[in-house]
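Enquirer: next come a sequence and a model predicted from it.
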Amino acid sequence: MDLETHYTTGPAETSRLARTPHGRLEYLRTRELLRRFLPGRARVLDVGGGTGVHAAWLAGDGHPVDLIDVVPSHVDTAAALPGVTARIGDARHLLVADETYDVVLLLGPLYHLVDAEDRARALAEARRVLRPGGLLAAAGISRYLSLLETGAAGTLTADLVTPIHEVVTNGAYDGHVGFVPTHWHTAAELHGEVTTAGFADAVVHGVEGPAWPALDAAGLTAFDSRVEAALRAARLAEQDPHLVHTSAHLLAIARRPA
């Protein structure tokens, strides 16, 4: 299944971060981390921004947001958000002038771009359109996501052992627990790709922390009573080299050198 087909025939992207406990935790932590590092009233380019789930709160915080996505229906939805402009585009070939933005978000492209050369191209484009000193936030999926998910849910069957070992070993995810084939990162790999692209001061954070499988097991009805503990655990583990991969997602924060 190609990317556009997945996003137009599968579950609605607008509800992805609300329909599961780990999705809600991902949203809260991504927002928390971005707010920690964003400068005041920054001009933001949200590359691969989907339907504008993060663009909406960014614009609400006072940041003008331009969103680019490859899926036309996502662009149509995002374009209706106050304070957000949206258009179709490709992370590898941004039709944007040099040094235009204070912040570039790559919260989806790096795992959808399965070839390392394409990820390098997307990072180079992000660097090109950032102003000197500008902020990059680039997300990856942890190679250990499906191991933790299926192990905690009791769904790690014998036929999943090989594909899970494959993704842990080399990052090649084949769709074995849903979603399209993608590339999953280690923290060191994501840090290396960002640094090689010419960014400085890169730090990779674990987003959801170690408690997200327990949140899923408890279900949505228990989310409100458990989320504060999960958030505290995520903060404690966000840069711990032993625990960073227990997060389902990784977030690299870096800057274009001044």
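Expert: Everything's here; your move.
Enquirer: so who does Arg92 touch?
Expert: Leu113, Asp118, Arg121, Ala122, Glu125 (CB atoms under 8 Å, 6 or more residues apart in numbering). Quick note: C-beta positions are derived from backbone N, CA and C, even for glycine.
Enquirer: packing partners for the helix ranked longest in the chain?
Expert: As assigned by DSSP state H, the longest helix anywhere in the chain is helix 21-37. Counting contacts by 3 or more CB pairs under 8 Å, 6 or more residues apart in numbering; DSSP states H and E, helix 21-37 packs against helix 53-60, strand 130-141, helix 212-218, helix 223-237, strand 249-255.
Enquirer: Thr186 contacts Arg143, correct?
Expert: Yes: contact criterion CB atoms under 8 Å: Thr186 and Arg143 qualify, at 5.8 Å.
Enquirer: mutual contacts of the two, please.
Expert: The contact sets of Thr186 and Arg143 overlap at Gly171, His245 (CB under 8 Å, 6+ apart).
Enquirer: pop out the phi and psi values for the residue lying closest to Gly108 once chain neighbours are set aside.
Expert: Nearest residue to Gly108 in three dimensions, chain neighbours excluded: Gly48, at 3.7 Å (CB to CB, 6 or more residues apart in numbering). Dihedral pair for Gly48: phi 70, psi 30, per degrees, to the nearest 10.
Enquirer: surely Gly48 touches Leu113?
Expert: No: look at Gly48 against Leu113 with CB under 8 Å: they stay out of range, at 9.5 Å.
Enquirer: what touches both of the two?
Expert: In contact with both Gly48 and Leu113: Ala91, using CB under 8 Å, 6+ apart.
Enquirer: between those two, which one's more packed in?
Expert: Neighbour count, other CB atoms under 10 Å: between Gly48 and Leu113, Gly48 has more, with 25 against 22.
Enquirer: which one of the helices and strands packed on helix 21-37 lies closest to Ala158?
Expert: helix 212-218 (20.3 Å; CB to CB).
Enquirer: chain center to the closest one, what's the gap?
Expert: When C-alpha coordinates are averaged (CA atoms, centre = their mean, to the nearest Å), helix 212-218 and its chain have centres 20 Å apart.
Enquirer: ok, now stretch 52-70?
Expert: Using CA atoms, centre = their mean, the offset of stretch 52-70 from its chain centre is 14 Å.
Enquirer: tell me the contacts of Ile68?
Expert: By CB under 8 Å, 6+ apart, Ile68 lies in contact with Leu45, Asp46, Val47, Gly48, Gly49, Ala86, Arg87, Ile88, Gly89, Asp90, Ala91, Leu94.
Enquirer: host element of the nearest residue to the last one once chain neighbours are set aside?
Expert: The spatial neighbour of Leu94 that comes closest, neighbours along the chain excluded (CB to CB, 6+ apart), is Glu125 at 4.6 Å. Element membership of Glu125 [criterion: DSSP states H and E] is helix 116-129.
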